[in-house]
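Peer 1: generate coordinates for the sequence data below:
(4 chains)
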2 protein chains.
Amino acid sequence: MGVRLVEPVKRTRAYEQILQQLSQLIREGELKPGDQLPPERELAKAFGVGRPTLRQALTVLSAVGVLEIQPGSGIYLRKPMSEVPGTAGQAMAMLLMTEKQNLRHILELRIAVEGSAAYLAAQRCTAEHITELQGAYDALHDAFKNRGVAIQEDFRFHAKVAEATGNPVFLKVMVSLADLFLQQFESTTRHLYYEPDRVASNLREHQAILDAIVQRRPEAAREAMVRHLERVGERLDLAERTLKDRYS
Amino acid sequence: MGVRLVEPVKRTRAYEQILQQLSQLIREGELKPGDQLPPERELAKAFGVGRPTLRQALTVLSAVGVLEIQPGSGIYLRKPMSEVPGTAGQAMAMLLMTEKQNLRHILELRIAVEGSAAYLAAQRCTAEHITELQGAYDALHDAFKNRGVAIQEDFRFHAKVAEATGNPVFLKVMVSLADLFLQQFESTTRHLYYEPDRVASNLREHQAILDAIVQRRPEAAREAMVRHLERVGERLDLAERTLKDRYS
DNA sequence: AAGGAAAACTGGTCATACCACTTTCCCGGT
DNA sequence: ACCGGGAAAGTGGTATGACCAGTTTTCCTT
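Peer 2: Purely as a prediction, here's the structure:
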């Protein structure tokens, strides 16, 4: 036979089956967020595998942020969107590991995702969402005024926007991207970003986003968000140029 | 002390360090796509860990699609965006595992991402990109005419659009989302989707996207892509309603 | 030189053991 | 009766060694 007419049988590895079973238990609500799983030794016996094999599955789930494994304590199912910075970004980092990527590539996707998020948020955010959004902005405002640096608060504001879409997938992907962005950001030009003269501008941009959403003007919200992130990119360019100048 | 003043020390597990080291080797180009890694036993010795521990790291990398592990043969570094349907979607599925999500949530994000992808593609695709895009469309056209079903070709067309952005992060995220969409799609209403009367309409939508990109009209390309995916959603609703009727 | 079988190699899995840490519980002191 | 405090049990983290089922290589036979 010239071409391949049959598919080679796929040998499903044991840990893959465990992965699949656990996924199903989670999806069907058999395992609820915050639940503690049985000890590894029990689980291994239940699945009929050895402990190392079980650990492969658990390790994968832990690496992507589904499980939280605490030595000496136990294995817990993370709550959706647990605000543990670094976890979501870690998973996205692995997803993108083999792709040649830089901050600008990630930022470009953030613009796409968060622009639409702002649009949808303005379209259908609830009263509670607005309250939370307002609170996040106030916190951002205070942090800016007091400390001048507010990476955490900035992050949370963006997360609240995504949350207001009511779409958990939007939220998760946005958070993962933003988290990864900040991680790479930190290791390069963080110290140059938050210069005093940029704080006011940054704050105004956030307020424009908030206002547009509260006024329920989707297009304006998208534009405000896109403009804000584009400014972030500009400041990034500036910072990198400054760095380069220093070394020349 | 009232509040936590110190951060608890993070005990870095051995497999996490391996993960980090391997990531670095990949990012720095020390390991190139397609490369074969040393055997597990050697790697374990090199890292100074036991084989089970090393396997945890390898398993994670394999689960997110970075490595391809072939029993009896060896461990290989996957090429970026290797067109292995199911792999990218698997990683995204784990990222979203704990989120309550359905097809509509994923589709909404696809609209955001792919709409912008079409926009950027129209803005800066090269001649080669256009050729590939055209080729993908032709393949889609033929498959539709001949078999009436063209999930693979449909997928590849969308991937080519994302590829034309020149942004690997866009491509990867888009492919992951679309792949996940198709996976869940398959298990629910696939058989109702490709009905003969919808084929022509679907094909026209794709052509509109292609034309707008070739003519380098970003806004038109975005609109065409958004409209197309919204139609996909409508057909999905229709299919689900049909299913529900059958059970009532 | 070609074919084929055996040997070597590779990943997949298991069993056991030990370590470090956390949690629990019981005992002794107050 | 209450409250430490320390031992014991429980938990995840890791190492070792072994065996299996495949694949790949080697080398002998024809």
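
Peer 1: show me where chain A has strands.
Peer 2: Secondary structure of chain A (DSSP state E): strands at A:36-37, A:67-70, A:74-77.

Peer 1: would a markdown table of those with mean pLDDT and mean neighbour count be doable?
Peer 2: All C-beta atoms are positioned from the backbone trio N, CA, C, and that covers glycine. Formatted as a markdown table, these follow (pLDDT from 0 to 100; neighbours: other CB atoms under 10 Å in any protein chain shown):
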| stretch | mean pLDDT | mean neighbour count |
| --- | --- | --- |
| strand A:36-37 | 96 | 15 |
| strand A:67-70 | 95 | 16 |
| strand A:74-77 | 96 | 17 |
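
Peer 1: of those, which is nearest residue A:243?
Peer 2: Among the strands of chain A, strand A:67-70 comes nearest to residue A:243, with 36.7 Å by CB to CB.

Peer 1: report whether that closest one contacts chain B.
Peer 2: No - Strand A:67-70 lies out of reach of chain B by CB under 8 Å from any CB of the partner chain, never closer than 8.9 Å.

Peer 1: distance from the chain centre to that strand, please.
Peer 2: Offset of strand A:67-70 from its chain centre (CA atoms, centre = their mean, to the nearest Å): 18 Å.

Peer 1: now for it, which elements pack on it?
Peer 2: helix A:51-63, strand A:74-77 (3 or more CB pairs under 8 Å, 6 or more residues apart in numbering or on different chains; DSSP states H and E).

Peer 1: distance of residue A:101 from DNA strand D?
Peer 2: 28 Å (CB to the nearest atom of the strand, to the nearest Å).

Peer 1: out of the helices and strands packed on strand A:67-70, deepest packed?
Peer 2: Neighbour counts (mean count of other CB atoms under 10 Å in any protein chain shown) averaged over each of these peak at helix A:51-63, with a mean of 22.

Peer 1: can I get that one in CSV, CA atoms only?
Peer 2: The C-alpha trace of helix A:51-63 is given here as CSV (Å, rounded to 0.1, in the frame of the first residue of the first chain):
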residue,chain,number,x,y,z
ARG,A,51,3.0,5.6,43.2
PRO,A,52,5.5,7.0,40.7
THR,A,53,3.0,6.6,37.9
LEU,A,54,0.3,8.3,39.9
ARG,A,55,2.7,11.1,40.7
GLN,A,56,3.3,11.7,37.0
ALA,A,57,-0.4,12.6,36.6
LEU,A,58,-0.5,14.6,39.8
THR,A,59,2.7,16.5,38.8
VAL,A,60,1.2,17.5,35.4
LEU,A,61,-2.0,18.7,37.1
SER,A,62,0.1,20.6,39.6
ALA,A,63,2.2,22.2,36.9
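
Peer 1: rewinding a little: need the helices and strands packed on strand A:67-70 in CSV (columns: distance to residue B:245).
Peer 2: As requested, the helices and strands packed on strand A:67-70 are exported to CSV (distance: least, CB to CB, whole Å):
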stretch, distance to residue B:245
helix A:51-63, 38
strand A:74-77, 37
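
Peer 1: so which of those gets nearest residue B:162?
Peer 2: Of all the helices and strands packed on strand A:67-70, helix A:51-63 sits nearest to residue B:162, with 25.7 Å by CB to CB.

Peer 1: briefly note if the closest one comes near DNA strand D.
Peer 2: Yes - using CB under 7 Å from any atom of the strand, helix A:51-63 reaches DNA strand D at A:51, A:52, A:55, A:58.

Peer 1: dump those to a markdown table, plus pLDDT.
Peer 2: Shown next, in a markdown table, are the residues of helix A:51-63 next to DNA strand D (pLDDT from 0 to 100):
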| residue | pLDDT |
| --- | --- |
| A:51 | 97 |
| A:52 | 97 |
| A:55 | 98 |
| A:58 | 98 |
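
Peer 1: and the nearest residue to residue A:154 once chain neighbours are set aside, how far from residue A:115?
Peer 2: In space, and not counting its chain neighbours, residue A:154 is closest to residue A:140: 6.1 Å by CB to CB, 6 or more residues apart in numbering or on different chains. Computed as CB to CB, to the nearest Å, the residue A:140 to residue A:115 distance reads 19 Å.

Peer 1: now do residue A:237
Peer 2: Taken as CB to CB, the span from residue A:237 to residue A:115 is 20 Å.

Peer 1: neighbour count winner among these two?
Peer 2: Counted by other CB atoms under 10 Å in any protein chain shown, residue A:237 and residue A:115 do not tie: residue A:115 has more neighbours, with 22 against 13.

Peer 1: tell me the contacts of that one?
Peer 2: Neighbour list for residue A:115: A:222, A:225, A:226, A:229, B:112, B:116 [criterion: CB atoms under 8 Å, 6 or more residues apart in numbering or on different chains].

Peer 1: which of those lies closest to residue A:196?
Peer 2: For the contacts of residue A:115, the closest approach to residue A:196 (CB to CB) belongs to residue A:229, at 21.2 Å.

Peer 1: the closest one and residue A:109 touch, don't they?
Peer 2: No - using CB atoms under 8 Å as the test, residue A:229 is too far from residue A:109 to be in contact (10.3 Å).

Peer 1: between those two, point out the one with more neighbours.
Peer 2: The neighbour comparison of residue A:229 against residue A:109 (other CB under 10 Å) goes to residue A:109, with 27 against 22.

Peer 1: could you find the closest non-adjacent residue to residue A:165?
Peer 2: residue A:120 (4.1 Å).

Peer 1: how near is residue A:142 to residue A:176?
Peer 2: Here the criterion is CB to CB. By it, residue A:142 lies 27 Å from residue A:176.

Peer 1: those two: which is more packed in?
Peer 2: Using other CB under 10 Å as the criterion, residue A:142 and residue A:176 rank with residue A:176 on top: 24 against 12.

Peer 1: is it true that the more buried one touches residue A:87?
Peer 2: No - taking CB under 8 Å as the definition, residue A:176 is not a contact partner of residue A:87, at 9.1 Å.

Peer 1: ok, back up a step: JSON lines for the strands of chain A, including distance to DNA strand D?
Peer 2: Putting these into JSON lines (distance: least, CB to the nearest atom of the strand, whole Å) gives the following:
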{"stretch": "strand A:36-37", "distance to DNA strand D": "6"}
{"stretch": "strand A:67-70", "distance to DNA strand D": "4"}
{"stretch": "strand A:74-77", "distance to DNA strand D": "4"}
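
Peer 1: now render those as JSON lines, adding distance to residue A:183.
Peer 2: Converted to JSON lines, those look like this (distance: least, CB to CB, whole Å):
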{"stretch": "strand A:36-37", "distance to residue A:183": "28"}
{"stretch": "strand A:67-70", "distance to residue A:183": "19"}
{"stretch": "strand A:74-77", "distance to residue A:183": "24"}
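
Peer 1: could I get the phi/psi values of the nearest residue to residue A:66 once chain neighbours are set aside?
Peer 2: Leaving aside its sequence neighbours, residue A:66 sits nearest to residue B:97 (CB to CB, 6+ apart; 5.0 Å). Main-chain torsions, residue B:97, degrees, to the nearest 10: phi -60, psi -40.

Peer 1: tell me if I'm right that residue B:97 and residue A:60 touch.
Peer 2: No - between residue B:97 and residue A:60 no contact is recorded; they are 10.6 Å apart, counting by CB under 8 Å.

Peer 1: quick check: the gap between residue A:52 and residue B:22.
Peer 2: Distance from residue A:52 to residue B:22, counting by CB to CB: 19 Å.

Peer 1: what's the answer for residue A:91, then?
Peer 2: Residue A:91 sits 16 Å away from residue B:22, going by CB to CB.

Peer 1: how about residue A:224?
Peer 2: According to CB to CB, residue A:224 and residue B:22 sit 41 Å apart.

Peer 1: now swap in residue A:234 and tell me
Peer 2: In terms of CB to CB, residue A:234 sits 35 Å off from residue B:22.
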